[in-house]
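Asks: Mind folding the following:
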Amino acid sequence: MKEVLFPYGKTKLSYTFEDDELAGVLESSINEYNPGFSGEELVKKAMSEPADSPALKELVKGKNNIVIIASDHTRPVPSKIIMPAMLSEIREGNPDADITILISTGCHRATTKDELIAKFGEDIVAKEKIYIHDCDECEKLVNIGRLPSGGECEINKIAFDADLLLAEGFIEPHFFAGFSGGRKSVLPGIAGRTTVLSNHCSEFIADENSRTGILENNPIHKDMLWAAETAKLAYIVNVVLNAEKEVIYASAGDPVAAHKKGTDFLASLCGVEAVDADVVISTNGGYPLDQNVYQSVKGMTAAEATVKEGGVIIMLSASNDGIGGEHFYHQLADEEDIYKTMDIFMKRGRNETVPDQWQTQIMLRILMKAKVIFISEMDDKTVEQMHMIPAHSIGEAVEKAKTILNKEKIKIAAIPDGVSVIVK
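Replies: Residues are numbered from 1 along each chain as shown. Sure, this is the predicted structure:
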C-alpha cells in the first residue's frame with residue numbers, strides 16, 4: 001500500500017494504491033533538492049553573478065525609460081521576491097529611472113487588481129507604474145519585423161520604446177516550447193495576437209521537436225529567440241520552483257545565457273523514465289496552474305507520454321476559473337468528431353491559425369491516444385462537452401477507468417505534478 005498526494009487547487013487529494021496496481025510514481029527530484037539558501041538569497045546571489053552580462057545596476061546607467069516584463073496571474077512566479085530585488089538594483093544604479101512593469105498576459109485575460117496585489121504585494125501595486133498587456137490593443141502594438149517562420153512580429157509599444165528591456169519569470173518544462181522562461185516573456189508574453197497565432201501554427205505544434213524539454217531544432221523556440229533578440233531584451237531574472245512554489249534556483253543576466261543555466265539545472269532534476277501503464281493520474285501542480293481546463297492540457301501531456309495506447313488518463317484540475325478560452329471550448333464542444341477537427345487544423349497554413357487552435361490540437365492528440373477522466377469543480381455536462389469523462393474523486397475515476405478498459409486489475413502510474421517532469 002502506498003499513499004500519494006496530488007496537488008488540486010490550493011489543496012491536495014490523496015489516493016492509496018495497492019502494491020500490485022502502482023506502476024510507478026513519476027516525479028522529479030526537484031523536491032529533494034535543498035539549495036541551502038532562501039529564495040531572496042538565491043535571487044540576490046544570481047543577480048550578483050549575472051551570466052554573460054554586466055550587473056543590472058551598471059546596465060541601467062543612462063537608461064531613463066526602463067521596462068520590466070512580468071508574468072501574469074496564470075504563472076506562480078514569486079514576484080514578491082524577484083521584483084523588489086530588481087527595482088532596488090535599478091534605483092541603486094539610476095535613482096531617476098522611469099520604470100514600468102509590463103504584465104505579459106500573452107493571449108490570456110487581463111490580470112485583476114486583486115491578482116496583482118497577490119502577486120506583487122500592496123506596496124508595489126500602489127507605488128509602481130503597472131501596465132497590463134492586451135494582445136488585441138492594436139494602438140499599443142508595433143511591428144518589429146518578420147519571424148523566422150514567416151509571420152509578422154508585433155510587440156507591445158511600451159517594450160519597444162524602452163531604453164532598457166528587462167524580464168522576470170520562472171523556468172519549468174513546457175509542453176511545446178521545451179521550457180518556459182527567458183525568451184517567452186516577449187513571445188508570446190507581450191506579442192500581438194496575430195504573432196502568437198503564427199508562432200503556434202499546427203505545423204509547428206505537430207513537429208516532433210515541439211515537445212517538453214526540447215529546445216534544439218524546436219521551431220517554436222526559434223521564433224521566440226528571434227523575437228526576444230529583436231525586441232532587445234537585455235537582462236532577465238528567472239527562477240526554478242519546487243512543488244511548494246519555493247525558489248530552489250535562480251539565474252540572472254543575458255537572456256540566452258541565463259535561461260540556459262536555468263534549463264540545464266532543471267533538466268538535470270526533472271527527467272523521468274516512462275513506465276508501462278494502463279492508467280495515468282496527473283495534475284497541473286495545483287493553483288495557479290490548474291485554474292482552468294485550457295492550462296490543464298499541459299499536465300495531460302506528461303500522462304500522454306507514458307500511458308498505453310487506448311489507455312486512460314485521470315486528470316486532476318480544480319478549474320475554478322472554467323474552460324479558460326472561448327475558442328478552445330467551441331473547437332472541442334461544437335464538433336463530435338475529434339478526427340475531423342484535427343484534419344481541419346492540419347490543413348491550415350502558418351498564417352491561418354485561429355485562437356486557441358494549438359491547445360485544442362494538443363488536446364485532440366491526447367484524446368486520440370487515451371480516454372480522459374477529468375476531476376474538477378466544473379459541472380459534468382461541460383466536462384462531457386470537452387470530450388472528457390467527469391469524476392469527483394480519484395477513487396470514482398479509477399473505477400470508471402476499470403470499466404472503460406474492461407479490466408479489474410490495472411497498472412496505474414502516478415504523476416503528482418505533470419508540469420514539473422520531462423517524461424522520456
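Asks: Quick check: Tyr294 vs Thr283, distance?
Replies: Using Cβ to Cβ, to the nearest Å, Tyr294 is found at 15 Å from Thr283. All C-beta spots, glycine's among them, are computed from the backbone N, C-alpha and C.
Asks: ok, those two, which is more surrounded?
Replies: Remark: of Tyr294 and Thr283, Thr283 carries more neighbours, 32 against 23, as counted by other Cβ atoms under 10 Å.
Asks: thinking that one is in contact with Ala414, fair?
Replies: No - assessed by Cβ atoms under 8 Å, Thr283 is found out of contact with Ala414, at 9.6 Å.
Asks: Quick check: neighbours shared by these two?
Replies: Phe6 (Cβ atoms under 8 Å, 6 or more residues apart in numbering).
Asks: List the contacts of Ala46.
Replies: Contacts of Ala46 (Cβ under 8 Å, 6+ apart): Val237, Ala250, Ser251, Ala252, Gly253, Ala258.
Asks: ok, now Cys153?
Replies: Asn143, Ile144, Gly145, Arg146, Leu147, Leu187, Ala191, Thr195, Trp226, Ala227, Thr230.
Asks: What about the closest residue to the last one other than its chain neighbours? Give its phi and psi, please.
Replies: Beyond its immediate neighbours in the sequence, the residue positioned closest to Thr230 (Cβ to Cβ, 6 or more residues apart in numbering) is Ile144, lying 5.1 Å away. The phi and psi torsions at Ile144 (degrees, to the nearest 10) take the values phi -110, psi 10.
Asks: try Gly178
Replies: Dihedral angles for Gly178 - degrees, to the nearest 10 - are phi 90, psi -60.
Asks: distance of it from Lys184?
Replies: For Gly178 relative to Lys184 (Cβ to Cβ), the value is 10 Å.
Asks: Same question for Gly169.
Replies: Counting by Cβ to Cβ, the gap from Gly169 to Lys184 is 7 Å.
Asks: picking up where we left off before, could you report the pLDDT at the residue nearest to Thr230?
Replies: The model reports Ile144 with a pLDDT of 98.
Asks: mind listing what it touches?
Replies: Applying Cβ under 8 Å, 6+ apart, the residues near Ile144 are Cys153, Glu154, Ile155, Phe160, Ala227, Thr230, Ala231.
Asks: what's the closest of those to Cys201?
Replies: Proximity of the contacts of Ile144 to Cys201 (Cβ to Cβ) peaks at Cys153, which lies at 14.0 Å.
Asks: So the closest one lies in a helix, does it not?
Replies: No - using DSSP: H, G, I helix; E, B strand; the rest coil, the secondary structure at Cys153 is strand, not a helix.
Asks: Relative to Gly24, how far out is it?
Replies: Applying Cβ to Cβ to Cys153 and Gly24 gives a distance of 43 Å.
Asks: and the residue lying closest to Val196 once chain neighbours are set aside, how many residues sit next to it?
Replies: Nearest residue to Val196 in three dimensions, chain neighbours excluded: Pro188, at 4.4 Å (Cβ to Cβ, 6+ apart). For Pro188, the count of nearby residues is 25 (other Cβ under 10 Å).
Asks: Can you tell me the SS state at Pro188?
Replies: Reduced to three states by three-state DSSP, Pro188 is coil.
Asks: On the pLDDT front, check it for me.
Replies: Per the predicted model, pLDDT is 97 at Pro188.
Asks: quick one: the helices in the stretch 51-200 of the chain?
Replies: 56-59, 79-93, 113-120, 122-127, 157-160, 193-199 (DSSP state H, counting those that start in this stretch).
Asks: For the longest one, what does the pLDDT average out to?
Replies: Looking back up the chat, that one is helix 79-93. For helix 79-93, the per-residue pLDDT averages 98.
Asks: Quick one: buried ones out of the contacts of Cys153?
Replies: Ile144, Leu147, Leu187, Ala191, Thr195, Trp226, Ala227, Thr230 (16 or more other Cβ atoms under 10 Å).
Asks: Which residue is the nearest non-sequential neighbour of Ile130?
Replies: Leaving out its chain neighbours, the residue that sits closest to Ile130 by Cβ to Cβ, 6+ apart is Ile101, at 4.7 Å.
Asks: got the contact list for that neighbour?
Replies: Contacts of Ile101 by Cβ under 8 Å, 6+ apart are Val67, Ile68, Ala70, Met83, Phe120, Ile124, Glu128, Lys129, Ile130, Tyr131.
Asks: okay, how far is it across stretch 243-263, tip to tip?
Replies: Start to finish, the residues bounding stretch 243-263 are 17 Å apart (Cα to Cα, to the nearest Å).
Asks: Please apply the same query to stretch 401-417.
Replies: End residues of stretch 401-417 are separated by 20 Å (Cα to Cα).
Asks: Sort out which residues of it are buried, please.
Replies: Ala401, Lys402, Ile404, Leu405, Ile410, Lys411, Ile412, Ala413, Ala414, Ile415, Pro416, Asp417.
Asks: Can you list which of those are found in strands?
Replies: When DSSP state E defines the strands, the subset of the buried residues of stretch 401-417 inside them is Ile412, Ala413, Ala414, Ile415.
Asks: Name the nearest residue to the second one, sequence neighbours excluded.
Replies: Read that as Ala413. Nearest one to Ala413, counting by Cβ to Cβ, 6+ apart, is Ala277 at 3.7 Å.
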